[in-house]
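Enquirer: Output the structure for:
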Amino acid sequence: MEFLNSLKLEGKITEVQVQKVIQFQQKFGGDSDAIVASLGLASEEDIAVVLAKSSSCAYVDFENFDESISNQKLNAVLTNCPLNIQFIQDKGGIPIHWEGSHINILVTNTNHYDIGEYLEYEGVTASYLICSPTTYRNAEAKILEVKAIGFDEYMSDFDTDVERLKELASETPIVSLVDSLIMRSVKMGASDLHIEPYREGCRARIRVDGVLNELELLPKSLFLPIISRLKILANLDIAEKRRPQDGKIEFKLANQEFDIRLSTLPLNEGESVVMRFLMKQSLNYDLEKSGIESDLLDLIREDLTRTSGVILLTGPTGSGKTTTLYSFLNQLNDDKIKIITLEDPVEYQLEGINQIQVNHDIGFDFSKGLRSIVRQDPDVIMVGEIRDSETAQIGMQSALTGHLVFSTLHTNDAPSAYTRLLDLGLDEYLLNAALISIVAQRLVRKICNECAYEYEDEKIVADFGLKALAQQFNNTKISLKKGKGCKQCNHTGYYGRLAIVEYLRCDDSIEKLPKGAEFVLSARALMAQNNIRSLHSDGLLKVIKGLTSIEEVVRVAG
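Expert: Coordinates of the predicted model:
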């Protein structure tokens, strides 16, 4: 009851929820902290903080775990401590510091009586440090890393023994290590986690805001068990190491559920695994928050009022095309409009929209799916990507028969979309009749609001022509900013991303241009004449407004 009252005083749960926990406990038994966690009434970190306060123990948080508990400190305990470390771990504790006859032990709750009795018998005093289950699994993973160093020869025996490898991959230390890598990645805001051979071991890297950062260097002996564990979770063949495989993992972190798209690729020194994290819940896609400038937003909103035609998003993989398309659909989503999407894969669920996933294994690709969609009487169609001539042809013809069609195309800029579609075999007259507009997009990192500071640099202003650009688009002030680096942005100076955009409206002036080898240059000249920005110029405009940095614009848009 004391724990529940402390939670209530901290404002983490209400009196109604307290009574709910008590009723559950009276009926089924169990510890109140475990019940609060299982019912999702408070986060695991909040529970750990209150447990630590109510039991007068220190609290170890996830954010500072790597700093406070290093591999070197754990190795010192494992090497110097004469106690039965495995027994302490089996009873739910992890020794993290040993000095004289005193030991510090990491735990997730206050029920450590067996450990207490054992230490009393050995004449050892103890301090207990409370942490969340996520932090505890992180500690288990670190213990495994420390123990694994120097065991490469032992692990080589498992390379060809599939059954033994399965057994090892299902043991608690490996399970904890894989869970820890995934949970740390998600907590740091990563979109992807990469695990690959590296030098004499393997490394885990995460992509945060489009940039890869090293998460962990791991001993070589852990590489096979980690890969095998991930393959088991994704229902892949752990014995198959010569061909690429794709799978899916459903994962739960605290009360948040998400899918992981997993891809394996054979390399010369082993296999590379890449995991993409996809949140299950529907997200609110708002064009206002995408970073698209207001003048371009007005043009795009005009296009979205059309009842037929094709709007294309172009850019490389990872440039935010699908997210922008979802934002377009969100603007149109209405009970009076039927919207059908065809995607590979369906990344996020959109309420009120019919979403279809292609299945290449049964021959249900974009072109066949698009043929079926048209028979379903939709008002709006979204095709995830135009990859071939047939899909492009059906999409354009659908637009001419009264459908508003959205899709994506891999080109470097907006005018090049015409060249790409002509290369796919489409007729010029069909493009002129069907296309409404083309939006090229990239993502740049935003300067962190928490640690941003303003600075002056006349050389940058002169070299990039920022004064002329500011005057051209009615910006009275040039506000150059950088981020110092803080806890929120993981000391990178950047937090989140926004879109830089190049917009091409396919109007009469574009239709009249010959679609030959000189089209891209002619279209660019026409865009400049009409005061339409290129990707580079749109990025510089965001530099002028203090939203991103020159370095980011150069990195992304050249």
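Enquirer: tell me the pLDDT at the residue nearest the centre of the chain?
Expert: With distances taken as CA atoms, centre = their mean, the residue of the chain nearest its centroid is residue 191 (1.9 Å). Listed pLDDT for residue 191 reads 89.
Enquirer: and if you look at residue 196?
Expert: pLDDT, residue 196: 93.
Enquirer: wait, what's in contact with it?
Expert: Contact analysis of residue 196 by CB atoms under 8 Å, 6 or more residues apart in numbering lists 202, 203, 205, 267, 270, 272, 273. In short, each C-beta sits where N, CA and C put it, glycine included.
Enquirer: List the ones among those that fall in strands.
Expert: 202, 203, 205, 267, 270, 272, 273 (DSSP state E).
Enquirer: In ChimeraX, how would I select just the buried ones from those residues?
Expert: Buried members of the ones in strands among the contacts of residue 196, defined by 16 or more other CB atoms under 10 Å, are picked up in ChimeraX with:
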select :202,203,205,270,272,273
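Enquirer: Would you mind putting the ones in strands among the contacts of residue 196 into JSON lines with pLDDT and distance to residue 323 alongside?
Expert: Shown next, in JSON lines, are the ones in strands among the contacts of residue 196 (pLDDT from 0 to 100; distance: CB to CB, whole Å):
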{"residue": "202", "pLDDT": "86", "distance to residue 323": "31"}
{"residue": "203", "pLDDT": "91", "distance to residue 323": "28"}
{"residue": "205", "pLDDT": "95", "distance to residue 323": "23"}
{"residue": "267", "pLDDT": "90", "distance to residue 323": "30"}
{"residue": "270", "pLDDT": "86", "distance to residue 323": "33"}
{"residue": "272", "pLDDT": "94", "distance to residue 323": "26"}
{"residue": "273", "pLDDT": "95", "distance to residue 323": "24"}
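Enquirer: Quickly name whichever of the ones in strands among the contacts of residue 196 is closest to residue 231.
Expert: residue 273 (8.3 Å; CB to CB).
Enquirer: Residues in a beta bridge with that closest one, which ones?
Expert: residue 195, residue 264 (DSSP bridges).
Enquirer: if I look at it, how far off is residue 79?
Expert: Counting by CB to CB, to the nearest Å, the gap from residue 273 to residue 79 is 32 Å.
Enquirer: Could you report the neighbour count for residue 106?
Expert: Residue 106 has 23 neighbours, counted by other CB atoms under 10 Å.
Enquirer: wait, is it part of a strand?
Expert: Yes: counting by DSSP: H, G, I helix; E, B strand; the rest coil, one finds residue 106 located in a strand.
Enquirer: tell me the contacts of it?
Expert: 60, 69, 93, 94, 95, 96, 129, 131, 135, 136, 139.
Enquirer: can you count the residues close to the fifth one?
Expert: Looking back up the chat, that one is residue 95. Residues near residue 95, counting by other CB under 10 Å: 21.
Enquirer: quick check, it in a helix?
Expert: No: applying three-state DSSP, one finds residue 95 to be strand, outside a helix.
Enquirer: Distance of the residue lying closest to residue 53 once chain neighbours are set aside relative to residue 57?
Expert: Distances taken as CB to CB, 6 or more residues apart in numbering place residue 6 nearest to residue 53, at 6.3 Å, with adjacent residues excluded. Remark: distance between residue 6 and residue 57 (CB to CB) = 13 Å.
Enquirer: Confirm that residue 292 sits in a strand.
Expert: No: applying three-state DSSP, one finds residue 292 to be coil, outside a strand.
Enquirer: ok, now how distant is it from residue 502?
Expert: According to CB to CB, residue 292 stands 11 Å off from residue 502.
Enquirer: ditto for residue 101
Expert: Shown here: residue 101 relative to residue 502, a distance of 69 Å by CB to CB.
Enquirer: neighbour count winner among these two?
Expert: Between residue 101 and residue 502, counted using other CB under 10 Å, the more crowded position is residue 502 (27 against 11).
Enquirer: Spatially nearest residue to the more buried one, not counting backbone neighbours?
Expert: residue 440 (4.1 Å).
Enquirer: Next, that neighbour: secondary structure please.
Expert: At residue 440 the chain is in strand, as set by three-state DSSP.
Enquirer: for it, what are its contacts?
Expert: Applying CB under 8 Å, 6+ apart, one finds that residue 440 lies in contact with 313-315, 411-414, 417, 501-504, 535.
Enquirer: Make TSV from these and add pLDDT to it.
Expert: Below are the contacts of residue 440 laid out as TSV (pLDDT from 0 to 100):
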residue	pLDDT
313	95
314	95
315	91
411	91
412	90
413	92
414	94
417	94
501	94
502	95
503	95
504	94
535	93
